[in-house]
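In: with the input below, show me the fold.
(one chain, ligands or ions: 1)
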Amino acid sequence: MKLCIIGSGYVGLVTGACFAEVGHQVICVDNDQRKVDMLIAGEIPIYEPLLEGMVHKNVGAKRLSFTNSVEKGVDESEVIFIAVPTPPQPDGSVDLSYIEQAAREIAVVLKDYRVIVDKSTVPVKTGEKVAATIRRYNRAGAAFDVVSNPEFLREGCAVGDLMNPDRIVIGSSNEQATALMKKIYEPFMAPILVTDISSAELIKHAANSFLALKISYINMVSRICEASGADIENVADGIGADKRIGRNFLNAGIGYGGSCFPKDIAAFIAISEHLGEPFELLKEVQRINRTQCDRFIAKIREALWVLKDKKIAIWGLTFKPDTDDVRSSVAIDIVNQLVAEGAIVRAYDPKGMEKSQQMGLVPGVGFASSPLDAVQDAEALVIATEWKEFSNIGFQELKALMHTPLIFDGRNLLDPLVARQFGFTYYSIGRA
Ligand code: UDX
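Out: The predicted structure follows:
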């Protein structure tokens, strides 16, 4: 099928590449000419495992192309996906100006029937607004349908998530549009759930909020473990073995970050308030998440007493492993707090250092060339992101390089028993 994706960010680019991979003809549109030029030149603006190869392969096969022209995309496609940013506003509500702009741009060039699909995460009822906007700005009076098709991919495993989804949600009120959507997703062989548009829009916010709730729940249980001497890993295994609960998203740590959870939970709270049904439970989820990081820093402060002039090594800057995304990363918050208290911080991250530097997120921090380089002469090591390569580093080597064998493991990445056997003082989350 001929498809157009408006917005070549995380969701747009990965979706475009995966649609091309299963044989569709895909045009990705972006209004950032620099990004379009990069993509045409074969450069991928984000780090995401498997994406680069997939983009190159499908560009080579002439199934995937890039342009800045919405008109070209709309003219040459049967279905138009909107995958533009929906950033948060200061009060937590969603800024829908990019969605509105995309709807207007489509309306201006729309001549014949098209299905317009909203893939961005948007508040319930946005579909109605998109349809009204297109109707208002489309002078040709062309027929169209609006569909909601939320995306559930995770950064770091986005290609896998998109190629093998748990489910595909199609919110549609028109049979012709539903049939076209089913055809697009046929090659993915995943369960398809067809709903009304509002339900589809709600599913995304409700799903992300539930996952965040699971994380805050286990983080709160980790505090009770610390207070009682129980072990959070055992407790999480025991809870997670119940199929109704599941072990996923029960990893205690320094809290959730990234460009989705904090924003989507705030948005869902704002939506619930707007609808007159304030979701107080989610405010507690936010509070636990915020204080989880504060508590971790308090542990460091307590052990080191005075942070001023202490040499601290940081492993991890990204909001989770296997990504270069440092937006709303709890690791970055920790680094900045340590620096604010006068610590001398040297950080290492396999993929996140360039973006941290470019975006000026960690002023005053030194960057190391390897995990071992970061710990040279350090008085403490803080593990803030659970990159796999960190768990393969030998304690012996670590101890030889550090000034003091002290580890604060914010992701429960290392084995406490082994760390202590090698003479480390070791702190983690929810376990002795
Ligand atoms: C999330 C959703 O999972 C995805 O479905 C949606 O489309 C976008 O938002 P993402 O933000 O890429 O995806 O990452 P995810 O793997 O969900 O992790 C989010 C945050 O939660 C990370 O900071 C991670 O470290 C944290 N987390 C996750 C925990 O602290 N504990 C866990 O058990 C799981």
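In: quick one: mean pLDDT over stretch 371-378.
Out: Averaged across stretch 371-378, the pLDDT comes to 98.
In: start at 57 instead
Out: All right, first residue 57 from here; so that's stretch 427-434.
In: list the buried ones in that stretch?
Out: Pro427, Leu428, Ala430, Val431, Ala434 (16 or more other C-beta atoms under 10 Å). Yep, even glycine has a C-beta here, placed from its N, CA and C like the rest.
In: repeat that for stretch 275-282.
Out: Asn275, Met276, Val277, Ser278, Arg279, Cys281, Glu282.
In: show me the contact partners of it.
Out: 286-288, 291-292, 308-309, 311, 344-345, 348, 351, 485-487 (C-beta atoms under 8 Å, 6 or more residues apart in numbering).
In: from the chain's centroid, how far away is it?
Out: From the chain centre to the centre of stretch 275-282 is a distance of 25 Å (C-alpha atoms, centre = their mean, to the nearest Å).
In: ok, and does it reach over to the ligand?
Out: No - Stretch 275-282 stays clear of the ligand (C-beta under 6 Å from any ligand atom), getting no nearer than 7.5 Å.
In: rewinding a little: out of the buried residues of stretch 275-282, which are inside helices?
Out: In this view, those that belong to helices under DSSP state H are Asn275, Met276, Val277, Ser278, Arg279, Cys281, Glu282.
In: rewinding a little: which of the buried residues of stretch 275-282 sits closest to the ligand?
Out: Nearest to the ligand among the buried residues of stretch 275-282 is Asn275, at 7.5 Å by C-beta to the nearest ligand atom.
In: and the gap between that closest one and Ala292?
Out: 11 Å (C-beta to C-beta, to the nearest Å).
In: residues contacting Pro419?
Out: Counted by C-beta under 8 Å, 6+ apart, Pro419 has contacts Val395.
In: let me know the helix or strand that it is in.
Out: Counting by DSSP states H and E, there is no helix or strand that carries Pro419.
In: wait, Gly408 sits on Arg383?
Out: No - using C-beta atoms under 8 Å, Gly408 is not in contact with Arg383, being 10.3 Å away.
In: more neighbours: which of those two?
Out: Gly408 (27 against 18; other C-beta atoms under 10 Å).
In: okay, and which of the buried residues of stretch 427-434 map to helices?
Out: Pro427, Leu428, Ala430, Val431.
In: residue contacts, the residue lying closest to the last one once chain neighbours are set aside?
Out: Spatially, and ignoring its direct neighbours in sequence, Val431 is nearest to Ala369 (4.4 Å; C-beta to C-beta, 6 or more residues apart in numbering). For Ala369, the contacting residues are Val401, Arg402, Ala403, Tyr404, Ala424, Ala430, Val431, Ala434, Ala436, Leu437, Val438, Met458, taking C-beta under 8 Å, 6+ apart as the criterion.
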